[in-house]
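Student: I need the structure of the sequence given here:
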Amino acid sequence: MNSLKYLSLIGLVLMPLLIKAQNIKLTPEDLNTWSFYGQGEKLVESHNMFFMKEDPKESNGVMIVSPESYDENVVVKYDVMTLTPASVLVAILSASNKGDDSRLSIPSNYDGSMSLWINDVESYFYAFRNGPHNFTPFIRKYPVPEGQDPALVSYEKNIMHPGVFYSIEIGRKGDLLWLKVDGKTILETKDENAWGGGHIAFRIRGTAGEYAACLIRNVEIIKQ
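Tutor: Residues are numbered from 1 along each chain as shown. The predicted model follows:
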């Protein structure tokens, strides 16, 4: 093997090792620029946190959606505190139009309800505080393939309480998906027919007529 071919081979071997993950740290001001949907409010809280809340009288859930689309290798880390006992906390990865990894079209009159995410958007749905809906944590794939359970994996118990900050990590690397709470992996699964990339979203919803509210801080997106 001549020296030029040898050097080319070495370069191909070392190239993956030289590609570093890109860590993007988002401020509350950054989150405030994400698209907001539903009946409620959002603001940059005075103690360097992002706040969002449902309308106490009428809401189908509120959420923020990233302006950028990410590929199928992405990790999202953040701290979140539930401010009301009725609050359900969800994060969404790889949200896109059906068959289109880079675009996500949300109607201008969208009211925050779940039907859009169940029927019209491809996504992975990470619910980690959903005791108020009488469920334990799970990862679901939407839309649900016919005849299949929407939950790819579920946890055996609820572990999050209101008024406490928890460190959340949701991620995927190709067909591998996982959820960590305070550094502990509580859910991990594979989707053999995985979606491509898409947008990131944070969603909250109350229950039984009670509204949801939360604080978010220290958001980091890692593009692998």
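Student: what bits of this structure have low per-residue confidence?
Tutor: For the chain, applying pLDDT under 70 flags the ranges 1-20.
Student: so where do the helices sit in it?
Tutor: Here the chain has its helices, by DSSP state H, at 3-18, 28-32, 115-119.
Student: contacting residues for Y37?
Tutor: 62-65, 106, 110-112 (CB atoms under 8 Å, 6 or more residues apart in numbering). Bear in mind the C-beta positions are built from the backbone N, C-alpha and C, glycine included.
Student: from those, which would you call buried?
Tutor: The neighbour-count test (16 or more other CB atoms under 10 Å) marks 62-65, 106, 112 as buried among the contacts of Y37.
Student: what's the farthest-apart pair in those?
Tutor: V62 and I106 (13.0 Å; CB to CB).
Student: So the spatially closest residue to L83 that is not a sequence neighbour versus E29, what's the distance?
Tutor: The spatial neighbour of L83 that comes closest, neighbours along the chain excluded (CB to CB, 6 or more residues apart in numbering), is A213 at 4.1 Å. A213 sits 20 Å away from E29, going by CB to CB, to the nearest Å.
Student: More neighbours: these two, which one.
Tutor: A213 (21 against 10; other CB atoms under 10 Å).
Student: That one contacts F50, correct?
Tutor: No - A213 is beyond contact range of F50, at 11.7 Å (criterion: CB atoms under 8 Å).
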